[in-house]
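Enquirer: sequence first, then the predicted structure:
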Amino acid sequence: MKILLIAAVLWSIHGVALAQDASDPTELMKQAHLNLYYSGDDGLANVDMLITNKKGNVRERSFVMLRKDFEEGGEQKYFIYFQKPNDVRRTTFMVWKDPAEDDARWLFVPSLDLVKPISANDKKSSFVGSDFSYEDVSGRHWSDDEHSLLREESLNERATWVVESTPREKDYFDRKLTWIDKEYRLPVREEYFDGDKVLKVFEAVEVQDVEGFATVTHRRMSTPRKDNVTDITFSAIRYNVGLEDEVFSERALKSPPREYIQ
Amino acid sequence: MKSMLVDVSVRHPRWVIVIAAIITLVAMAQMPKVKIDTDPENMLRADAPVRVVHHQVKEAFELNDFLVVGIVHEPTVFRPDILARVRGLTEVIAKMDGVIADDIIAPGEVDVILPDAAGGVRVEALMAEMPTTDEEAQTVLLHIMENPVLRGKLASADGQAMALFIPLESKDVAEDVANGVRAHLATLDTEETYYLAGLPLAEDSFGSAMFRQMAISAPMAFLLIFLLMLFFFRVPAMVIAPMLVAMMTVIWTMGLLIGMGFTLHIMSSMIPVFLMPIAVLDSIHILSEVHDHYRATGDMRQTMRKVVRELFKPMTFTSVTTIVGFSALILTPIPPVQVFGAFVAVGVFVAWLLSLTFNPAYAVLLPASALQKFGAAHEPNAAPESHLRKVYHFSQRFRVPLTLGLVAILAVAGYGISQVEVNDNPVNWFKAGHPLRVADKVMNEHLAGTYIAYIQLAGEEEGAFLEPAWMQYAHELQQDLTKHANVGAVSSVVDVVQKVQFELLSRPEPRPPLPDTREELAQLLFVYEMSGGTPDDLFKFITPEQDKINLWLQMPRGENRDVQSVIHAAEAYVLENPLPAGMSFDWAGLSYINVEWQRQMVRGMGMALMGSFATVLIMMMILFRSLRLALVAMIPLTVTIVITYGFVGLTGRPYDMPTAVLSSLSLGLSIDFAIHLIQRTREIHRVTGDFEATMHEFFHSPAQALARNIVVIALGFIPMFFAGLAPYVKVGAFFFAIMIISGGATFLILPPLLSRFSTQALVGKRAEPTEPSAAPVLEGTS
């Protein structure tokens, strides 16, 4: 909570326009999306992922994630270098995201010294066996859903808007609730429904100010039905690093940029 | 003791009846608490090692029992309209209570590993897009056939059959889900045929069928026994007493069973059917004697006292031997069989007690007017008597051919026993032609098999199966098992690794060997997860810790002998190819559990049979105070057991659970006839001293009671021949056979043998006629 308070103070100093009465839900969702996925022109972080199943056993993945935006709310490129588990160390993964089309993805398998494109037409499928889907990692575009402002309420003693979204086309969920923190303009909780059933729940467990950007440094996605939880924590976060385009190339998959990845 | 029981009953008949009625009401009050249990797993104790491992494996891989829906159509089920209906059905099923929607194995629900257009790997839901053309529909089939995990499981190679595997939270919901499926199908206009199969459904449906059967078979037997008794004894008022005894015996016993919190299992559901005839046995003896002597005095009290005193010893001994026969089942390691044995034993005791108290009390209370037609001198029943004497003369005259014939029959039967094959399959508990058996047959003809077993290979350390040698071992074991005639398919994590490798390397020919480094294995599995593979699907085959893997065997035949043969093959393989150090091997799955409890049952029944045989022999020695007589007494039951099991072996009928349990019944009932015959013969002989005179007397009244018993029980169980469940039919047929064979053996073998005994050997050295009871019997005949 202390961290949240500090972050709040820093945030207000930073002085992003705070339209307290902003009531256009689509606009709210857009801002939240941009703040969660498009902070700065690029960014990098060390990511630790813990997947806990209902029996309590934990699988760990850790990777370095690089991101570069080409258009605010539009094209983006991601580069991921796996460090754990040990047996998959040096595996790399790249995504060219274009909200208008299917993503392009490539994978480098070090033991086979092989770069392969992998298909990406199923956004709801699990990202490296976690509760996060590919879509959860790179963001679901706000224009894919219809939004309406449901209510305003206090969540964890923070003022939030609650937006209800319904997919424009048939999807794996039929309703989503998003709690948007009024100050951070970040989604701090999301619930996905299929009828009355909760499919999964996203929580922003910790928000920190990083270089002036309110950043969700601990994200949790749970699948109540399976009693499965994935926690992602971000560390060594940097924004506006000035990542070159070459970092997001097939060649880089085999020989990742040493300056960003230890 | 004997006088006490009968004296109390004839002096305070109303009290006896009131107390009996109260106990009956208390017992009936327990009935609503009944808990049904059709889970064959419960054939083993909850802490039986096999079950413990079974549950550990199920938990480790989150495995569930499956209801299987089969869809069959010629020339193909891979047609857009059929696939759309299947998809619709799948969606309906996914919403049903008790269905684990996430783990449904069906087109549209499972992932397939596919080559990507750009040359990579793609894992996506099979039939992610509904096919709209025949070509697209055939592509779905192609994707299944190219996927070793799904091949033969989800569809047949010719595309004529498809299967949906519906995992259930518990076996109890199987029939509800099946009914839901049927209801949905009823709303469709289909060309294709749908079938429902799977062990959980067989077991759950059996539970409901069992109840229906109990509600039909037991009352039918009851009615028929009543009619037969009426035929023999003419007076409904007198026949009602034994019927009440039988009913109360069943109610008390079942009330006690339910009240004590035991579940109603396939075995215990048969208790009423077993108790009904046993309960009327004693009453028939009493009625027969009363029937024959009542006229002499016209005083029911007197007659009852006399008859009960006379019958007390044989009745007690026959009851105790029956109790011993069934109590022996407690020696088996199968809890439902133990409960069955114990409670039939309790029931036999109840029947004995009620026969000796309720019958006299009831008879004494009857007004003399009701008995006017009862027990007329000899006229109405002259026929059976003369026939029975003919039987005796026949047995004496043809002693030699009879003996030779018997020896020949026993030799053949002995050979038959050597041919007995232990086998069972819960699906076969339904009669041929039952929809479940038809479904079972059709689906196993087309697909890899609806009978499922699992082999768990486990190591101690996390990541143990990333060791190439371990993965290689699993691979080779899997290949070996696949060759077995009763293995339709084996799937494992090896298939996933190979398929990813194959697609990742752009389908190289010849196919590359399994990876030889930890890294490559780990990375291939990682590629699966990176390419959109559902982790839960992978965890059906390998634990998240990668320390255990699961080989999933599908077998088209579920008879225990066929499953057993697969088990032997796997065990032989492991013996020849020792497991890598640190790796353990375990079986799980319902098919394996069935085999295991059956193995234990056969061994247990063998012990139980020998134990009770020895006990009965000792009891006969105590009763007759003669080893020779005791051995003679054992002949009919031995002959009965040898012939019935010889028949089972010769006709290739399986030795299954009902067959096994019936040996106790043979033992318990066959000895009864011998006891009655020998004991009554001795008592009469003590008076006559002349064997022919003794036989003349015996084949009048006591033999008649025996013959009536045989007829009542044999015929009383004919309704069970028409039961819808095979175990019931079998029990009915066995009852019939046991009665006929042991009755015949008693009448044909024992008298000629006894005629060889000296009077002293027959009556006993210490001829102490403490029982003056034999004399009045003679009076009645002369």
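Expert: All right, it came through fine.
Enquirer: tally of neighbours for the residue in the stretch 101-250 of chain B that chain A sits nearest to?
Expert: Checking the stretch 101-250 of chain B residue by residue against chain A with C-beta to the nearest C-beta singles out B:Arg122 as nearest, at 3.4 Å. C-beta: built from backbone N, CA, C; applies to glycine. A total of 23 residues lie near B:Arg122 under the criterion other C-beta atoms under 10 Å in any protein chain shown.
Enquirer: now it. Nearest residue, chain neighbours left out?
Expert: Ranked by C-beta to C-beta, 6 or more residues apart in numbering or on different chains and with sequence neighbours excluded, the top spatial neighbour of B:Arg122 is A:Ser119, at 3.4 Å.
Enquirer: against B:Glu503, how distant is the one you found?
Expert: When C-beta to C-beta, to the nearest Å is the yardstick, A:Ser119 and B:Glu503 sit 11 Å from each other.
Enquirer: which neighbours do those two have in common?
Expert: B:Leu114, B:Asp116, B:Gly120, B:Val121 (C-beta atoms under 8 Å, 6 or more residues apart in numbering or on different chains).
Enquirer: who wins for most neighbours among the residues you listed?
Expert: Across these, the neighbour count under other C-beta under 10 Å reaches its highest value at B:Val121, namely 29 neighbours.
Enquirer: one step back: spit out the contact partners of the residue nearest to B:Arg122.
Expert: Applying C-beta under 8 Å, 6+ apart, one finds that A:Ser119 lies in contact with A:Arg105, B:Leu114, B:Asp116, B:Ala117, B:Ala118, B:Gly120, B:Val121, B:Arg122, B:Glu124, B:Ser531, B:Gly532.
Enquirer: who in the stretch 101-250 of chain B is up against chain A?
Expert: Contact residues of the stretch 101-250 of chain B with respect to chain A, defined by C-beta under 8 Å from any C-beta of the partner chain, are listed as B:102, B:114, B:116-125, B:128.
Enquirer: possible to save these as TSV with pLDDT?
Expert: Shown next, in TSV, are these (pLDDT from 0 to 100):
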residue	pLDDT
B:Asp102	83
B:Leu114	78
B:Asp116	72
B:Ala117	70
B:Ala118	68
B:Gly119	69
B:Gly120	71
B:Val121	75
B:Arg122	74
B:Val123	77
B:Glu124	76
B:Ala125	79
B:Ala128	77
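Enquirer: which pair in those spans the largest distance?
Expert: Set against one another by C-beta to C-beta, these have their most distant pair in B:Asp102 and B:Gly119, with a gap of 31.3 Å.
Enquirer: quick one: name the residues of chain B near chain A.
Expert: When proximity is defined as C-beta under 8 Å from any C-beta, chain B approaches chain A at B:59, B:102, B:114, B:116-125, B:128, B:463, B:466, B:504-505, B:515, B:517-524, B:526-527, B:529-536, B:538, B:544-545.
Enquirer: now B:Tyr473: closest residue in space, sequence neighbours ignored.
Expert: Going by C-beta to C-beta, 6+ apart, B:Tyr473 has B:Pro580 as its nearest residue, at 5.7 Å.
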